[in-house]
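Chemist: I would like to see how this sequence folds:
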Amino acid sequence: MGTIQISGKVIYGEPAGMVVGVAGAVVRIIDQDRGGNGDDEILVTTTDARGHFDGVSRDWVDRNDEKVTMRVPGLKDRVVTVEAPDRLALKIRIEYEAKIEEYPYLQMPGRAVVRVLGTAPQFVLPAADQNPTLRTAWLAAQRAQYAWQRSSGGPLPHVQGHPLRERPPQDYVGRRLAVEGTIAGAYAQNEASLRVDPINSIAEYARLTAPLSPPSRPSAVDDDIEFARQRVAGVNPLVIERWTSPRAGCHLADAHLQSHGLTVQQATDQGRLFVCDYALLAKTDVTAGRFFPAPFALFLAVPTGPGGRSELTPIGIQVERQINDEARTQMITPGQTQWKVAKTAVQMADLNLHELKSHLFECHLTMESLAVAAARNMASNHPIFELLRVHFNLLIHQNVAARLTLVNDGGSVDALLGTGIAGARQIMTRCRDAWSFRGAALRTNLENRGISTRIETQVTYPYRDDALLIWDTIGEHVTRWVRLFYSNDAAVRDDKELQGWRNEAMDPTLGALGELPQLDGQQALADMLTQIIFTCTAQHSAVNYPQYSFMASVPSMPASLRGDWKEQKEPYFILPRDALANSQVKLAADLSLFQYDHLGDYPAYNGAALQELVIKFRRALDKAKTTINDRNQATRRRRAYEALLPANIANSISI
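Modeler: So this is what the prediction gives:
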């Protein structure tokens, strides 16, 4: 990608050195092809009566590919050959009075003076743009590239095709291919081994991660403390909620709390009872031969020391949720024969809800609707589009790839998850029906789950505490950005491109995201942008990059279960085996072992104000890193929570 700024004057000499501007000359800026697929026109414009023409600052992605061989860092250094977009090789073609002149490298002596400057664009709101005609033309071209499409079975509309601007840069392609090549080699090695020596015990699943870096954490199925900890600091710390009243289908009784000296009502009144309720998974079509429960998992907050802090301990699991069959809805408690089998069922449910709701729907799909609407409604030199562009980088590319290989018929979701693709689509449709932008805001979500910082009984919840810190850090940065470009609330309300973005993202026939906040002032805009950027950076990173650490241990967190759990006393007999288990390890590695960049990676902007703004953000992230490290040392001694350390947060949904 290159940023170009085009302006100039076409001139020619008359007798005695007289210089005359050429009116009506056609000026074409052309990117010369290096890959063999033809030159590309970047801009076509016409000179005015004085011979002048003006262009716009804009980004350009070459349409053609070239093969590039490079050595790139990954899990191992390796030489790879990749197809990557050409580097820019610009020339100008001028047509006037039946003449055609071409100037390579934009050096135009004598009769033409044209500049192409590789400088960062100057950001300007629509009302202040001095070239509204070109701005309008650019947006029209964007709408043609970013058309909406509604796929059958998909919960939300998405972009049609694969827009040119969304193609990944050369360094991304090379670095990711290097990592994926190492993973593919390990996967193939396992595949060959399993053909002659299948898995015969729980311990043998460790063979699948041996060629890479084996996860070092204890198994949630074997360790009750780890099982409880994953609800507040695992790959899906977004399900746990405070129990406030009886739940239909959940047979929790006083006897299940007897060993803690409490009744259900006492534990409820004290705010110490918590539940993970996987109701979204109930009554779902399931791949033949698989067992797919929608369990309840119950936890009690137990005081651990001074300051009123408590840790969760599991008190019971109800694997199945039929209301009228007591024998089939028994609450299994720690120490009972099927306790490990019940925990395995919860771990499987958690993985499926994580992938379909917390990860795919709430990060990838909702943010694509906002990204497509932004590309269609805001010019490239709009300051809010620039802020979003940085944090939407590669999102659409990833979603295009996912629709081809991950959430398609016969893809990874179909093969690996307990539901198969038909059930997965049912669950994502329920996610869409239950989701709202306001409800997804971090503090609102925590309050709705009864587990915000304002609750008197404080459960140690590393995700919550670190997420709030990063949210506020992003919010301060975004507020400064908004106030730099909008002098008052009226300027926000009057920004037609900004309002068009919101309206299109909401439109049920276009973005279909439902009600979005009114953009009626600086703070409202800053709040909405904070939530979007937090989702694309911290939220996605928190549920994406720990995947290998948790999901590559198949016995601790299987993607599917086989058989009827009621007939088994050991988890081994319901776990996926051999090729299916190996595929789960490979997918977890592919999704999480490559991080392209880090939160706070911005381009080099023109102007002291923007440069200072970025510097302040990076300093604030450094301060947040220190705070999180201090928390890990002081109160998280069993195991640090590192998912929201700024170094572990990517700048966008880039994988």
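Chemist: remind me which residues of this structure are low pLDDT?
Modeler: Where the chain drops to pLDDT under 70, the residues are 1-22, 34-37, 49-88, 103-121, 305-308, 322-329, 453-457, 637.
Chemist: Just to check, Asn381 is in contact with Ala128?
Modeler: No. Checked against CB atoms under 8 Å, the pair Asn381 and Ala128 is beyond contact range at 10.4 Å. No exception for glycine: its C-beta is placed from N, CA and C like everyone else's.
Chemist: So these two - more neighbours on which side?
Modeler: Asn381 (22 against 9; other CB atoms under 10 Å).
Chemist: tell me which element that one is part of?
Modeler: Using DSSP states H and E, Asn381 sits within no helix or strand.
Chemist: What of Ala640?
Modeler: Ala640 belongs to no helix or strand when elements are defined using DSSP H and E.
Chemist: Please report how far it lies from Asp466.
Modeler: 11 Å (CB to CB, to the nearest Å).
Chemist: the more surrounded of these two?
Modeler: Using other CB under 10 Å, the more surrounded residue of Ala640 and Asp466 is Asp466, with 23 against 15.
Chemist: which residues does the spatially closest residue to Ala542 that is not a sequence neighbour contact?
Modeler: Excluding the flanking residues, the one nearest Ala542 by CB to CB, 6 or more residues apart in numbering is Ala643, at 4.7 Å. If you count contacts by CB atoms under 8 Å, 6 or more residues apart in numbering, Ala643 has them with 233, 463, 466, 541-542, 545-546.
Chemist: Specify which member of the residues you listed is nearest to Gln611.
Modeler: Gln611 lies nearest to Ser541 out of the contacts of Ala643, by CB to CB, at 25.4 Å.
Chemist: Just give the closest residue to that closest one, not the sequence neighbours.
Modeler: Ser541 sits nearest to Ile649 (CB to CB, 6+ apart), 4.4 Å away.
Chemist: For that neighbour, grab the count of nearby residues.
Modeler: Other residues close to Ile649 by other CB under 10 Å number 25.
Chemist: what about it, distance to Arg562?
Modeler: Taking CB to CB as the measure, Ile649 falls 37 Å from Arg562.
Chemist: Also Leu177?
Modeler: Separation of Leu177 from Arg562 (CB to CB) stands at 34 Å.
Chemist: Check Gly423 too.
Modeler: Distance from Gly423 to Arg562, counting by CB to CB: 15 Å.
Chemist: same thing with His364?
Modeler: 28 Å.
Chemist: who has more neighbours, the two?
Modeler: Shown here are His364 and Arg562; by other CB under 10 Å, His364 has more neighbours (23 against 18).
Chemist: Checking my notes, the more buried one in a helix, right?
Modeler: Yes. Under DSSP: H, G, I helix; E, B strand; the rest coil, His364 falls within a helix.
Chemist: For burial, what's the neighbour tally of the spatially closest residue to it that is not a sequence neighbour?
Modeler: Once flanking residues are discounted, His364 sits nearest to Asn399: 5.6 Å by CB to CB, 6+ apart. Neighbourhood size, Asn399 [other CB under 10 Å]: 24.
Chemist: surely Asn399 meets Glu368?
Modeler: Yes. Checked against CB under 8 Å, the pair Asn399 and Glu368 is within contact range at 5.1 Å.
Chemist: what comes into contact with the helix or strand hosting Val492?
Modeler: For Val492, the host element (DSSP H and E) is helix 489-493. Identification of contacts with helix 489-493 by CB under 8 Å, 6+ apart yields 125, 482, 486, 498-499, 519-522, 524-525.
Chemist: which ones among these are found in strands?
Modeler: Judged by DSSP state E, the contacts of helix 489-493 include no members of strands.
Chemist: Export those residues as TSV, with columns for distance to Arg636 and neighbour count.
Modeler: Output for these, formatted as TSV (distance: CB to CB, whole Å; neighbours: other CB atoms under 10 Å):
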residue	distance to Arg636	neighbour count
Leu125	45	21
Val482	35	24
Tyr486	40	22
Leu498	41	24
Gln499	44	16
Leu519	39	21
Asp520	41	13
Gly521	39	17
Gln522	37	19
Ala524	36	16
Leu525	36	28
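Chemist: Need the three-state assignment for Glu101.
Modeler: Assignment for Glu101 (three-state DSSP): strand.
Chemist: how close does the closest residue to it other than its chain neighbours sit to Leu43?
Modeler: Nearest residue to Glu101, sequence neighbours excluded (CB to CB, 6+ apart): Ile94, at 4.7 Å. Distance, Ile94 to Leu43, using CB to CB: 13 Å.
Chemist: Just the CA atoms of the helix or strand hosting Trp471, as CSV, please.
Modeler: Using DSSP H and E, Trp471 falls within helix 462-485. What follows is helix 462-485, C-alpha atoms only, in CSV (Å, rounded to 0.1, in the frame of the first residue of the first chain):
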residue,chain,number,x,y,z
PRO,A,462,-8.4,-10.8,36.2
TYR,A,463,-10.1,-10.4,32.8
ARG,A,464,-12.6,-7.8,34.2
ASP,A,465,-9.9,-5.8,36.1
ASP,A,466,-7.4,-5.7,33.2
ALA,A,467,-10.1,-5.1,30.6
LEU,A,468,-11.5,-2.1,32.4
LEU,A,469,-7.9,-0.7,32.6
ILE,A,470,-7.3,-1.1,28.8
TRP,A,471,-10.8,0.2,28.0
ASP,A,472,-10.2,3.4,29.9
THR,A,473,-6.7,3.8,28.4
ILE,A,474,-8.2,3.5,24.9
GLY,A,475,-11.1,5.9,25.9
GLU,A,476,-8.7,8.6,26.9
HIS,A,477,-6.8,8.3,23.6
VAL,A,478,-9.9,8.3,21.5
THR,A,479,-11.4,11.3,23.3
ARG,A,480,-8.2,13.3,22.5
TRP,A,481,-8.5,12.2,18.9
VAL,A,482,-12.1,13.3,18.6
ARG,A,483,-11.5,16.7,20.3
LEU,A,484,-8.5,17.4,18.0
PHE,A,485,-10.8,17.3,14.9
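Chemist: Buried residues in that helix, which are they?
Modeler: Neighbour counts over helix 462-485 (16 or more other CB atoms under 10 Å) mark 462-475, 477-482, 485 as buried.
Chemist: With stretch 172-189 instead?
Modeler: Applying a neighbour-count criterion of 16+ other CB under 10 Å, one finds 172-183, 186-187 buried in stretch 172-189.
Chemist: number of nearby residues for Thr590?
Modeler: That one is not Thr; residue 590 is Asp. Neighbour number of Asp590 under other CB under 10 Å is 21.
Chemist: Could you tell me whether it really is in a helix?
Modeler: Yes. Counting by three-state DSSP, Asp590 is found in a helix.
Chemist: Contacts for stretch 443-452 next, please.
Modeler: Contacts of stretch 443-452 (CB under 8 Å, 6+ apart): 238, 240-242, 244, 271, 274, 438-439, 453-454, 459, 461, 464, 468, 471.
Chemist: Just the ones in strands from those residues, please.
Modeler: Short answer: the contacts of stretch 443-452 in strands (DSSP E) are 241-242, 274, 459.
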